[in-house]
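[1] Here is the input, now give the coordinates:
(chains A and B)
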Amino acid sequence: MSTTETTQKRGPNIFRILKQFGPLLFLIVLMAVFTALKPSFIDPINVFNIMRQISITGLIALGMTFVILTAGIDLSVGSLLALCGMVAAIVAKGGAANTLSLSATAGAGFGWFAALLAAVAVGSIAGGVQGVAITRLKVPPFVVTLGGLTIFRGLTLTLSNGGPISGFTPDMRWFGTGLVGPVPVPVIIFAVAAILCHIVLRYTRYGRAVYAVGGNAEAARLSGLRVDRILISVYVIVGFFAGLAAFVLAARLNSAEAVAGVGYELTVISAVVIGGTSLFGGIGSVGGTVVGAALIGVLQNGLQFNNVSSYTQSIVIGLILIVAVAFDRWLKSRARS
Amino acid sequence: MAALAATADQSAPLLEVVGVSKHFSGVTALNDVSLDVRAGEILGLLGENGAGKSTLLKILSGAQPPSSGRINFAGADYRPASPDAAKRAGIVTIYQELSLIPTLSIAENIFIGRAPTGAFGLIDWRRMRAETRGIIARVGLTIDPDTPVSALSVAEQQLVEIARALSLESRLIIMDEPTSALTETEVSQLLGIMNRLRSEGVAIMFVTHRLEEASTICDRMTVLRDGRLAGHLHREGGPVAIPLIIEKMVGRAASELYARPTQRNAAGAVRLSVRGLRTMRDPDAPHAIVLDGVDVDLKAGEILGVAGLVGSGRTELARAIFGADRIASGTITLDGSPISPASPADAIELGIGLVPEDRKHQAIFAMLAIQHNFSVAALDRYSNALGIMEEGRERTALADYKKALSIRMASPEQAIEGLSGGNQQKVILARWLARDPKVLIVDEPTRGVDVGAKAEVHQILVQLAARGIAVMVISSELPEILAVSDRIVTMRQGRMTGEMSGADATEEKLMALMALDQRRGDA
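    Residues are numbered from 1 along each chain as shown, chains lettered A, B, ... in the order given. You can find the predicted model right below:
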């Protein structure tokens, strides 16, 4: 036996613990501060309000977590959300001919379920096409989805002729505005989706493969993983969630707009990155993303609550993004030494 | 050698390190190490990875202070506050990663921060060029001083760094692994320059892993092991014998390291048969090696060694069988039926495994847990029909392999990057064992593995063959091939050039076959 074998020293390491729970601690501190400034911040009504606000971008952020774990990126999600929402609205209205009517009952609509199916199908297919372009044409994800960002927006404007489609049936609107007990329906959808994503990433074969592909694509290929299929699948997943989020958003606003979701990609990516997922792939978790989304939601709401202008909010959120990543880097270097 | 040794100043050492220790937050990296270097001698500093060489270099080059002990240099107490102070005191360290600025010329690099000036404080380019010519001539370079450093080979850049050190009137030059990136010709050139500098009275500390070079050129060697002094070795009449160096580095006799494991099973039936294998030339890499009609058989329960120089096609053979590279023509049969794996995933399903040559880039997932690194090729075996991982079974399996392969790790949750090279390699071997492969190809089984752990990896390979696995071992270390192989084939330029039994093979015979091609009319 060699005596020079070294194994990493383990033991209580404050930096490692901080690294894992840092964003969560920051979220708690932030909520405490806002509560101290204005106690009504912590009222259940406001808390549920925050949760409902984050559920739309949160849903997309769940899908984006898969993408970023493979060291990819999807800039098209905001546009794709608009496209899916528009398709869902047209289906809900029972076809393109009825879209100008504001009344929910005017046309023989295809019902909320068909609208939901259409939204997630369009999202998944669009994501799959981008995934194929990334893996087969070997164009970097940044470029493909940057193209997707303008293509999907253009498609949406073409479909809608620029105007919104409004007026849905009450059972469809329930998905955006309904309550189960005190809990808004979008929050329930987000929570269920987050739990499912957590299970998939943490406990399944597929989840292991996603981390492996992001950690080292060549080693993953030489370990027998079908790397291209896994890469395509993560873009399908984020597209699916863009479709689901689009449906919920349309239901909540009782309207689908061609300009919906502009800039969402940045909020979504910020949530994932603040939550500790590495843009280089292989490191991250759904729990982190939920905390990241919550952090952004709490900041926006709390600043608004204290009458801070939305301009200033943007500045603060940008700074938090940079500080969060810098802090993460610092902890990483400390946890190793 | 006697003439050279005579120039060494026998009276007082130039550098004297006495009882130096270095502790990092509870870990002792260097423990009571003493050594000395005299003017006009080359001292070899040797030791395995983690033996403490780097820590000692950091102290000598002024990057870190020692925790205790004292250092004398040129008769005075030596406590450099920074690398710059060390340089001014007369000790220059040349690292593997060279510190020249690639976009600047040779002259600018040599005179950086101290360019000769003339009238009005402007740079006197003519003088600078002329002086540069003289300075680089000392290391045998006759290149135009205006050449940008980026246009130089690594070897030439190294010489420029040495020349710069000389121009700073350094009295001790420390070279950290200077030969690792050089070709053989360049290595002998560098050793020639080192000899010349020695005769001019410069002291050199030569840190290296290459025992042959150390044995050729060093007057004396200091060997470190586990942060302690393992011993000093002297030239006595001839070069220090390599087995002696290994024994000091490892703490036991070298004969045990490459001992041919004794118990052997008779090879079984032919498992894998390759006939007329050719690979396609990649239009993006027209100079890459292609296989040019390879025939080889691999039997169950045997270890087949594949010997060949870099570029002989040995790795390409492994990749072609494994489905990682495209095949142009030829057949592969596994247990009698023809196979044509189009991807590693196909090959793995057929029962073929590959431990690739470049562990860091091709095998490990550095920041993932050992557990996840272990099971990545066998996820289907450790998950249920719904695709949910059965972590209990996975953990038990890893625990079994941990015991069987004596993998030293703190916890299966630990990131694999924290393990030593030898333990990482054992985890990769366990990854394949978890699939019960019929054929296992191991490319460079002990690259980046400490000398002590090499024998363990060899023993594991023999055990695998004993279990009936057909094992193919590819290695650039002939002693390794000789130690583990039942049968050895040699390759050269994408073809097989010979075959012999492991018992008959010698390094000389293999070398001859690996280098053989001009003698063949058809090659």
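
[2] And stretch B:471-491, what's buried?
    B:471-476, B:478, B:480-491 (16 or more other CB atoms under 10 Å in any protein chain shown). For glycine as for every other residue, the C-beta is placed from the backbone atoms N, C-alpha and C.

[3] Show the end-to-end separation of that stretch, please.
    17 Å (CA to CA, to the nearest Å).

[4] Assign the residue nearest the centre of chain A to helix, strand or coil.
    Centroid-nearest residue in chain A, with CA atoms, centre = their mean: residue A:61, separated by 1.5 Å. Following DSSP: H, G, I helix; E, B strand; the rest coil, the label given to residue A:61 is helix.

[5] That one contacts residue A:266, correct?
    No: assessed by CB atoms under 8 Å, residue A:61 is found out of contact with residue A:266, at 11.4 Å.

[6] quick one, phi psi at whichever residue of the stretch 301-450 of chain B sits closest to chain A?
    Closest to chain A within the stretch 301-450 of chain B is residue B:418: 3.0 Å, counting by CB to the nearest CB. With angles defined as degrees, to the nearest 10, residue B:418 sits at phi -80, psi -10.

[7] mean confidence for stretch B:437-446?
    Averaged across stretch B:437-446, the pLDDT comes to 92.

[8] Tabulate the CA atom coordinates of that stretch in PDB.
    Listed next in PDB are the C-alpha coordinates belonging to stretch B:437-446 (Å, rounded to 0.1, in the frame of the first residue of the first chain):
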ATOM      1  CA  PRO B 437     -17.800  -6.500 -19.400                       C
ATOM      2  CA  LYS B 438     -16.600  -9.200 -21.700                       C
ATOM      3  CA  VAL B 439     -13.900  -7.000 -23.100                       C
ATOM      4  CA  LEU B 440     -12.100  -4.300 -21.200                       C
ATOM      5  CA  ILE B 441      -9.700  -2.000 -23.000                       C
ATOM      6  CA  VAL B 442      -7.400   0.000 -20.700                       C
ATOM      7  CA  ASP B 443      -5.500   2.800 -22.300                       C
ATOM      8  CA  GLU B 444      -2.600   4.000 -20.200                       C
ATOM      9  CA  PRO B 445      -3.700   2.300 -16.900                       C
ATOM     10  CA  THR B 446      -1.400   4.200 -14.700                       C
END
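
[9] what distance separates it from the middle of the whole chain?
    The chain centre lies 19 Å from the centre of stretch B:437-446; the measure is CA atoms, centre = their mean, to the nearest Å.

[10] residue ranges for the strands of chain A, please.
    Using DSSP state E, the strands found in chain A span residues A:165-166, A:179-180, A:183-184, A:255-256.

[11] Of the ones you listed, flag the one that's most buried.
    Mean neighbour counts were compared across the strands of chain A using mean count of other CB atoms under 10 Å in any protein chain shown; the top stretch is strand A:255-256, at a mean of 25.

[12] Can you name the residues in contact with that strand?
    A:82, A:85-86, A:88-89, A:160, A:164-167, A:246, A:250 (CB atoms under 8 Å, 6 or more residues apart in numbering or on different chains).

[13] same thing but 7 Å
    Residues lying outside strand A:255-256 but in contact with it, judged by CB atoms under 7 Å, 6 or more residues apart in numbering or on different chains, are A:85-86, A:88-89, A:164-166, A:250.

[14] For the closest residue to residue A:278 other than its chain neighbours, which residues are in contact?
    Spatial nearest neighbour of residue A:278, excluding adjacent residues (CB to CB, 6 or more residues apart in numbering or on different chains): residue A:284 at 6.0 Å. By CB under 7 Å, 6+ apart, the residues touching residue A:284 are A:65, A:68-69, A:276-278.

[15] Among the residues you listed, which one lies nearest to residue B:47?
    residue A:278 (34.8 Å; CB to CB).

[16] Angles on the backbone of that closest one, please.
    Main-chain torsions, residue A:278, degrees, to the nearest 10: phi -80, psi 130.

[17] what's the spacing between residue A:141 and residue B:464?
    For residue A:141, the distance to residue B:464 (CB to CB, to the nearest Å) stands at 40 Å.

[18] can you count the residues close to the closest residue to residue A:25 other than its chain neighbours?
    With sequence-adjacent residues excluded and distances taken as CB to CB, 6+ apart, residue A:25 is closest to residue A:18, at 7.5 Å. Using other CB atoms under 10 Å in any protein chain shown, residue A:18 is surrounded by 16 other residues.

[19] And the one 3 residues further on, by the same measure?
    Other residues within reach of residue A:21, judged by other CB under 10 Å, total 16.

[20] need the helices for the stretch 51-200 of chain A, in chain order.
    Along the stretch 51-200 of chain A, counting by DSSP state H, counting those that start in this stretch, helices occupy A:77-92, A:111-136, A:141-160, A:170-177, A:185-203.

[21] Turn the ones you listed into a markdown table, columns for mean pLDDT, distance to chain B and mean neighbour count.
    Shown next, in a markdown table, are the helices of the stretch 51-200 of chain A (pLDDT from 0 to 100; distance: least, CB to the nearest CB, whole Å; neighbours: other CB atoms under 10 Å in any protein chain shown):
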| stretch | mean pLDDT | distance to chain B | mean neighbour count |
| --- | --- | --- | --- |
| helix A:77-92 | 94 | 26 | 30 |
| helix A:111-136 | 95 | 13 | 21 |
| helix A:141-160 | 94 | 20 | 19 |
| helix A:170-177 | 91 | 28 | 18 |
| helix A:185-203 | 96 | 6 | 18 |
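
[22] To residue B:116, which of the ones you listed lies closest?
    Among those, helix A:141-160 sits nearest to residue B:116 (CB to CB), with 49.1 Å.

[23] How far away from the center of its chain is the closest one?
    Using CA atoms, centre = their mean, the offset of helix A:141-160 from its chain centre is 18 Å.

[24] Show me the residue at the heart of chain B, geometrically.
    Centroid check for chain B by CA atoms, centre = their mean gives residue B:448 as the closest residue, at 5.7 Å.

[25] Quick check: residues of the stretch 301-450 of chain B near chain A?
    B:324, B:344-345, B:348, B:354, B:356, B:361-365, B:367-368, B:372, B:376-377, B:379-380, B:383, B:387-389, B:408-411, B:414, B:418-420, B:422-423, B:450 (CB under 7 Å from any CB of the partner chain).

[26] element containing residue B:44, please.
    Per DSSP states H and E: residue B:44 is located in strand B:42-46.

[27] Low-confidence regions, the stretch 51-200 of chain B specifically.
    B:180-181 (pLDDT under 70).

[28] any idea where the strands of it begin and end?
    Counting by DSSP state E, counting those that start in this stretch, the stretch 51-200 of chain B has these strands, from start to end: B:68-73, B:76-77, B:91-94, B:172-176.

[29] Who does the second one pair with, and is each partner parallel or antiparallel?
    Spelled out, that is strand B:76-77. strand B:68-73 (antiparallel) (DSSP bridges).

[30] and the partner strand, how far from the chain's centre?
    31 Å.

[31] and that strand with strand B:172-176, angle?
    Put simply, strand B:68-73 runs at 120 degrees to strand B:172-176, going by axes from the mean of the first three to the mean of the last three CA atoms, to 10 degrees.

[32] any residues touching strand B:68-73, and which ones?
    So strand B:68-73 is contacted by B:14-21, B:77-78, B:89, B:91 (CB under 7 Å, 6+ apart).
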